[in-house]
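>>> Here is my input, please return the structure:
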Amino acid sequence: MDLLEVIFIVGAGVFAGFLNVLAGGGSLITLPLLIFLGLPPTIANGTNRIGILAQNIFSVAKFNQKKVHSYPYSIYLGISALIGSIIGAFLVVDIDEELFKRILSIVMVCVAVLILFNNKAGELATGEKMEFKNQMWGVISFFFIGIYGGFLHAGIGFIVILALTKLNGFSLVKTNSIKVTVALVYTFAAVGVFIYKDAINWKYALILAVGNALGGYLGAAFSVKRGDKWIKGILLVAILVLAVKLWFF
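Model (predicted):
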């Protein structure tokens, strides 16, 4: 691995980490990149989780520093997603590589369609809904989101934003803080499964983690400083870029 390749991986990690915190879809950049660099899809999937873990550690720390969080609700969601992620991770580690590639392609298209045709995912929240039934639906929903997160993770940020803004009416800033907290909790479980299955290339993983960590920290700082209006704009740009990538590249 030469210096140019290291710089390229770190740069991709910074961009992906920043995008993951503010909107989502960063793994749709880093996962195909790792496959392009020669990693088998399942190893690329496990390797990518180390970057995600580092990104979420730094972004959660930044949100907490700025006192933007929703405890203990985010922990409940994280535990529910963690249980689901273990199931998802065990499903994916032994999957056929060609089948994994096909699933990845289908998921990328579905995520783009989901976001493009659900305008409310980018709207400002009009008021938080934290009644018992809303929290219960959130916990149930995040179990299934966790299964997907453990299985693939790519594009999960868009799904989480959609769930939290619809079910609980959170602002996009608070949604992002909850999103990274939940992702941190369930990613620990998913990483454990990938380590157990020896499905991580540590050389690429640690280099990517440097970029993701910096991107996650910067994304959290930007989110708190700029607020919902800027997040909504970046979210819409991310959707547009993702749609172009899916249809033309």
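>>> could you pull out the helices for the protein?
3-22, 27-36, 41-65, 73-92, 97-116, 132-151, 156-167, 172-196, 202-226, 228-248 (DSSP state H).
>>> Flag every buried residue along stretch 132-150.
Residues of stretch 132-150 classed as buried: 134-135, 137-139, 141-150 (neighbour count, 16 or more other C-beta atoms under 10 Å). To be clear about C-beta, it is placed using only N, CA and C from the backbone, and glycine gets the same treatment.
>>> of all these, which comes closest to residue 215?
residue 149 (18.5 Å; C-beta to C-beta).
>>> Read off the pLDDT value for that closest one.
Residue 149 is assigned 82 on the pLDDT scale.
>>> wait, it sits on residue 84?
Yes - Residue 149 is within contact range of residue 84, at 7.2 Å (criterion: C-beta atoms under 8 Å).
>>> just for the protein, where's the confidence low?
Residue ranges of the chain with pLDDT under 70: 97, 101, 104-105, 107-109, 111-126, 153-155, 227-249.
>>> how about 50 then?
120-125 (pLDDT under 50).
>>> picking up where we left off before, hey, what's in contact with both of residue 149 and residue 84?
Here residue 149 and residue 84 share the contacting residues residue 186, scored by C-beta atoms under 8 Å, 6 or more residues apart in numbering.
>>> which ones are touching residue 181?
For residue 181, the contact set (C-beta under 8 Å, 6+ apart) comprises 56, 60, 63, 69, 74-75, 78.
>>> Using TSV, please lay out the residues you listed together with neighbour count.
Shown next, in TSV, are the contacts of residue 181 (neighbours: other C-beta atoms under 10 Å):
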residue	neighbour count
56	27
60	24
63	26
69	17
74	24
75	15
78	23
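>>> with those in mind, which one is nearest to residue 223?
For the contacts of residue 181, the residue nearest residue 223 by C-beta to C-beta is residue 63; the value is 7.8 Å.
>>> Please name the nearest non-neighbouring residue to the closest one.
residue 177 (4.0 Å; C-beta to C-beta, 6 or more residues apart in numbering).
>>> sorry, back to before: reformat the contacts of residue 181 as a markdown table; add distance to residue 216.
As requested, the contacts of residue 181 are exported to a markdown table (distance: C-beta to C-beta, whole Å):
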| residue | distance to residue 216 |
| --- | --- |
| 56 | 6 |
| 60 | 8 |
| 63 | 10 |
| 69 | 15 |
| 74 | 16 |
| 75 | 19 |
| 78 | 16 |
